[in-house]
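> coords below, sequence missing:
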């Protein structure tokens, strides 16, 4: 859906014209556009240091800490690490 939104943005057409030309219902394009904007806003917040943190109820007791980057990369620590090392990893998020 996001490539379609980017194509619409680059087309210079109104939403209605683009939908007619591509056989889309206008409310679908609006929904996709909102999702696209939400993702872009989320990326901006992540770039500014705001990262969503979720707590897993089924925590592996052997894991001391886990860092999950926005691209899905996971770093798991099963032993203590220096705070400066962990801060260095988090600054790259």
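Thanks, I have the structure now. What you are looking at is a predicted structure, and each value in this text was computed from that prediction instead of being measured.
> Any idea how far stretch 9-19 is from the middle of the chain?
25 Å (CA atoms, centre = their mean, to the nearest Å).
> biggest helix in this structure, by residue count?
Using DSSP state H to define each element, the chain has its longest helix at helix 26-47.
> List the buried residues for it?
Of all the residues in helix 26-47, those buried under the rule 16 or more other CB atoms under 10 Å are 29, 32-33, 36. Where C-beta positions appear, they are placed from N, C-alpha and C, glycine not excepted.
> Find the helix or strand that residue 10 is a member of.
Assigned by DSSP states H and E, residue 10 belongs to helix 2-11.
> List the contacts of that helix.
15, 18, 22, 24, 29, 32-33, 35-36, 39 (CB atoms under 8 Å, 6 or more residues apart in numbering).
> what about 6 Å?
Defining contact as CB atoms under 6 Å, 6 or more residues apart in numbering, one finds that helix 2-11 is touched by 18, 32-33, 36.
> can you give me the angle that helix makes with helix 26-47?
100 degrees (axes from the mean of the first three to the mean of the last three CA atoms, to 10 degrees).
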